[in-house]
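> Build the 3D model from these lines:
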Amino acid sequence: MKNRVKSQEEEGYSTKGGDFYQLMAPAGRTSGFHRQGNDWFCNSSLQSDITVVVDEVKFHLHKFPLISRCGKIATIFEESESSSESTLTVPLEEFPGGADTFFIVVKFCYGGRVEFTPRNIVILYCAADYLSMTDDYGDDNLLSKSQSYFHKQILKDWKDCILALQSCELVIPRADKLQIISRCINALSVMICTDPSLFGWPMMMYGSLQSPGGSILWNGINTGAKIHSNESDWWFEDVSYLCVELFERLIQTMEAKGISPENLARAIMYYCKKYLPGLGRWKGGQSGLSRTVASFSMTPANVNQNALLKSVIQLLPEKKGKSFCRFLMGLLRVALILGVNHTSQDSLERRIGLQLDLATLDGLLIPNYSDSDTLYNTDCVERMIRHFVSSEPSVTSISPSSADLDTSPSSGRFKRVAKLVDNYIAEIASDVNLKPGKLRVLAEALPEYSRSLHDGLYRALDIYLKAHPWLSDKEREQLCNIIDFQKLSIDACAHASQNERLPLRVVLQVLFFEQMQLRTALAGCLNVLDAESAPAASLTVPNDAAGPRVQRDGWVTVVRENQVLKVDMERMRSRVGELEEEFSKIKEEMKKATKSHSYRSSPRFVPKGIGCKLLPRASDAQQDIVESSSPTPRASLEQARPSTRNPRHRKSFSLF
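So this is what the prediction gives:
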């Protein structure tokens, strides 16, 4: 170093002060630099003796101002002293910030003044490190100046720290080596946990810098930025301008510092909404936040959507909630559109499946983005149902006949999912390309005891049969097996008994169970009537003056209730009578057909084929079923059905 300084003094250059403009004055006064095409030249009468090449841009300079400040160029010069070339060419590969940053360094080496800003401090810091511009090559060199500004100014101000961290995107490896990124992230994490009025925005403490609407005024001009409050979401907008890698590292650091997973999840959702088009409809959570002072000085990051999805899936905490489940549904849609790997897709499906009871029907209606003929992605929904069922081992191990099943906390979740799945099947049933096997798989994916009523499943089946009239009788019967007709309501049974799309065997089964339900309901009404009339008969006359009035009111109430019950009983008796009459006529037709045809051994109409379960304490019904087991042709039943039905049967099913 001493020899190099001595050689400079012998050549007529002084290294004191570093002002090369003044040192060059005797030989020819300089006024700066000028550019010609891709070449930069120093305005000096001295001929250039070193050419530095940065990103195909050539800088024709003088070696002594450079080697007095840049250790890297000084080393290259010493190694090339034996060369006979008059001009030394120094290529600088992968220089931080490119030619523009090197031009700032050149001006500093020639004694010019460098202005540090939050946007260029990181690049200049990395460039000074690249060129080894330490104090060994001149006092108060560029590296020490950059370090001082970074620690004293950047790390203490939220806005400057955000801007500096965003500028690290271009020089991440070298910024990591200098611990610039980690220090910025740590500083931001501390500020997020702190009251924002304590740093970065002095205007927050002065009411005179606010507009009447609450926006920040800058030199009397309304900026549109809102003043921060102590709410936990004030930092979402600013950090959303970071690239994916830096945002991911910031979230991981905040998680390690103990920031709540709910707050981190909301920040991730806000970030994804900004860079994944179409996710806003499915995002959940808050809509938009007001822009801040920092965000007005920043530009959105250039984000790779595939990389963002993979990163977000790993960052999202194991959280449950309606808005969070809706956000996961939106992420799954975007993942299917972008064609992410199966690992990321499976992770999203598993997370949704664990909280499927919080999902909505519109979230499950995922279009099929592949080459499949079906409109909706049923395979994806089926896998989510499987994940939900497997996540409840304690419930799936309970016997369906257990008395504690209905009171189990998980039974409510299963009922909600069953209702959701039934509605989903009803929505996709009109797709003409939907195969019967796929509908059956979706219906049977949940355990049998998850549905207390099969009305929703019957509705979906009816829509499917209406949209697929070409199905064979065998396929229709196989689909009808997914319904337990004992779990149909009276209205659903009435609709099914008149449904011409159902096979005849199924209609007979429905009529049988409908009759059983009506008889049970009638018996229940009689019991209620007996229980109500007993207390009324045992009323005694009170001794006080109000006794006659109380007794009279009690009798009036009982009489009115009895009248209502009698009307209901008459309606039920009429309905049962109509069904019994229709059923007896069908049996007569079956007997006539038996005498006139020879295939007596046909298994089509035997009791097993009808599929009716004989209930206890219904001996008259059992006898009717046994008598009706005689074989009869299908044509006779089809002729008998319209002629024996009462028009009152054709009432519409209120659920459909």
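
> burial count for the closest residue to Cys70 other than its chain neighbours?
Spatial nearest neighbour of Cys70, excluding adjacent residues (CB to CB, 6 or more residues apart in numbering): Leu131 at 4.2 Å. Heads up, the C-betas are built off the backbone N, CA and C, glycines and all. Neighbours of Leu131 under the rule other CB atoms under 10 Å: 25.

> how near is Leu131 to Gly32?
Separation of Leu131 from Gly32 (CB to CB, to the nearest Å): 21 Å.

> Glu570 now?
Going from Glu570 to Gly32 by CB to CB gives 109 Å.

> which regions of the stretch 351-500 of the chain sit below the pLDDT cut-off?
393-410 (pLDDT under 70).

> Where do the helices of it begin and end?
Using DSSP state H, counting those that start in this stretch, the helices assigned to the stretch 351-500 of the chain run over residues 361-364, 378-390, 393-396, 409-428, 436-444, 455-467, 473-480, 490-497.

> what do you get for the stretch 1-150 of the chain?
Going by DSSP H, counting those that start in this stretch, the stretch 1-150 of the chain shows helices at 2-10, 20-23, 63-67, 71-79, 98-109, 121-130, 142-152.

> mind checking which of the ones you listed is nearest Val171?
Nearest to Val171, of all those, is helix 121-130, at 4.7 Å by CB to CB.

> what's the angle between that closest one and helix 98-109?
Relative orientation of helix 121-130 and helix 98-109, computed by axes from the mean of the first three to the mean of the last three CA atoms, to 10 degrees: 70 degrees.

> elements contacting helix 121-130?
Judged by 3 or more CB pairs under 8 Å, 6 or more residues apart in numbering; DSSP states H and E, helix 121-130 is in contact with helix 98-109, helix 142-152, helix 158-167, helix 172-177, helix 180-192.

> right, so those: which one is the most enclosed?
Across the helices and strands packed on helix 121-130, the average number of neighbours (mean count of other CB atoms under 10 Å) peaks for helix 158-167, which reaches a mean of 24.

> For it, give the mean pLDDT please.
Averaging pLDDT along helix 158-167 yields 94.

> returning to that earlier point: tell me which of the helices of the stretch 1-150 of the chain lies nearest to Gly330.
Using CB to CB, the nearest of these to Gly330 is helix 121-130, at 34.5 Å.

> Give the rounded mean pLDDT of the closest one.
Rounded to a whole number, the mean pLDDT of helix 121-130 is 96.

> shift numbering so it begins at 44
All right, first residue 44 from here; so that's helix 164-173.

> how far off helix 201-210 does that helix point, in degrees?
Angle of helix 164-173 versus helix 201-210, following the same axes, to 10 degrees, is 50 degrees.

> Can you tell me what sits against helix 164-173?
Residues from elsewhere that reach helix 164-173 (CB atoms under 8 Å, 6 or more residues apart in numbering): 115, 135, 138-140, 144-145, 147-148, 157, 159, 184-186, 189-190, 192-193, 197, 207, 210-211, 213-214, 217-218, 220-221, 223.

> Please apply the same query to stretch 408-420.
With CB under 8 Å, 6+ apart, stretch 408-420 has contacts from 372, 375-376, 379-380, 423-424, 467, 470-471, 474, 476-477, 481.

> Which helix or strand contains Trp277?
Trp277 is part of no helix or strand, with elements assigned from DSSP states H and E.

> And the pLDDT at it?
Value for Trp277, per-residue pLDDT: 86.

> phi, psi of it?
Dihedral pair for Trp277: phi -70, psi -20, per degrees, to the nearest 10.

> and the gap between it and Asn306?
Between Trp277 and Asn306 the distance is 11 Å, computed by CB to CB.

> What of Val96?
Counting by CB to CB, the gap from Val96 to Asn306 is 49 Å.

> Report pLDDT for Thr637.
Per-residue pLDDT puts Thr637 at 73.

> how about it, secondary structure?
Counting by DSSP: H, G, I helix; E, B strand; the rest coil, the backbone at Thr637 sits in helix.

> again with Glu361
At Glu361, secondary structure determined by three-state DSSP is coil.

> So which of the helices of the stretch 44-193 of the chain is nearest Leu554?
helix 164-173 (81.0 Å).

> then the closest one to PDB, C-alphas only?
C-alpha atoms of helix 164-173 as PDB (Å, rounded to 0.1, in the frame of the first residue of the first chain):
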ATOM      1  CA  ILE A 164     -28.000   2.200   0.100                       C
ATOM      2  CA  VAL A 165     -28.100  -1.600  -0.200                       C
ATOM      3  CA  ILE A 166     -26.800  -1.600  -3.800                       C
ATOM      4  CA  LEU A 167     -23.900   0.800  -2.900                       C
ATOM      5  CA  TYR A 168     -23.200  -1.200   0.300                       C
ATOM      6  CA  CYS A 169     -22.900  -4.400  -1.800                       C
ATOM      7  CA  ALA A 170     -20.900  -2.600  -4.600                       C
ATOM      8  CA  ALA A 171     -18.400  -1.300  -2.000                       C
ATOM      9  CA  ASP A 172     -18.000  -4.800  -0.600                       C
ATOM     10  CA  TYR A 173     -17.500  -6.200  -4.100                       C
END
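
> how far off helix 223-235 does it point, in degrees?
Between helix 164-173 and helix 223-235, the angle comes out at 150 degrees (the same axes, to 10 degrees).

> before we move on, the earlier item: so for Thr403, which of the helices of the stretch 44-193 of the chain sits nearest?
Nearest to Thr403, of all these, is helix 164-173, at 45.0 Å by CB to CB.

> How about stretch 103-122, which residues are buried there?
Within stretch 103-122, the residues that count as buried by 16 or more other CB atoms under 10 Å are 103-117, 119-120.

> buried residues in stretch 537-545?
For stretch 537-545, by 16+ other CB under 10 Å, it's Ala537, His538, Ala539, Ser540, Gln541, Asn542, Leu545.

> same check, this time on stretch 299-319
Neighbour-count burial for stretch 299-319 [16+ other CB under 10 Å]: 302, 307-319.

> out of the residues you listed, who's nearest Cys85?
For these, the residue nearest Cys85 by CB to CB is Tyr318; the value is 44.3 Å.

> and the closest residue to the closest one other than its chain neighbours, how many neighbours?
Taking CB to CB, 6+ apart, and ignoring the residues beside it in sequence, Tyr318 has Val346 as its nearest neighbour in space, at 4.3 Å. Applying other CB under 10 Å, we find 19 residues neighbouring Val346.

> Val346: what secondary structure?
Put simply, Val346 is coil when judged by three-state DSSP.

> I'd say it and Glu288 touch.
No: using CB atoms under 8 Å, Val346 is not in contact with Glu288; the gap is 10.2 Å.

> Find the residues that touch each one of the two.
Overlap of the contact sets of Val346 and Glu288 (by CB under 8 Å, 6+ apart) is empty.

> For Glu491, grab the count of nearby residues.
So Glu491, with other CB under 10 Å, has 9 neighbours.

> Phe457 versus that one, what's the distance?
11 Å.

> same question, Glu136
Distance, Glu136 to Phe457, using CB to CB: 63 Å.

> Which one's more surrounded, the two?
Neighbour comparison, Glu136 and Phe457: the larger count goes to Phe457, with 23 against 7 (by other CB under 10 Å).

> How about that one: what's its closest non-neighbour residue?
Once flanking residues are discounted, Phe457 sits nearest to Ser493: 4.0 Å by CB to CB, 6+ apart.

> Which one, of the helices of the stretch 394-543 of the chain, ends up nearest to Ile629?
Across the helices of the stretch 394-543 of the chain, Ile629 has its closest neighbour in helix 533-540 (11.9 Å, CB to CB).
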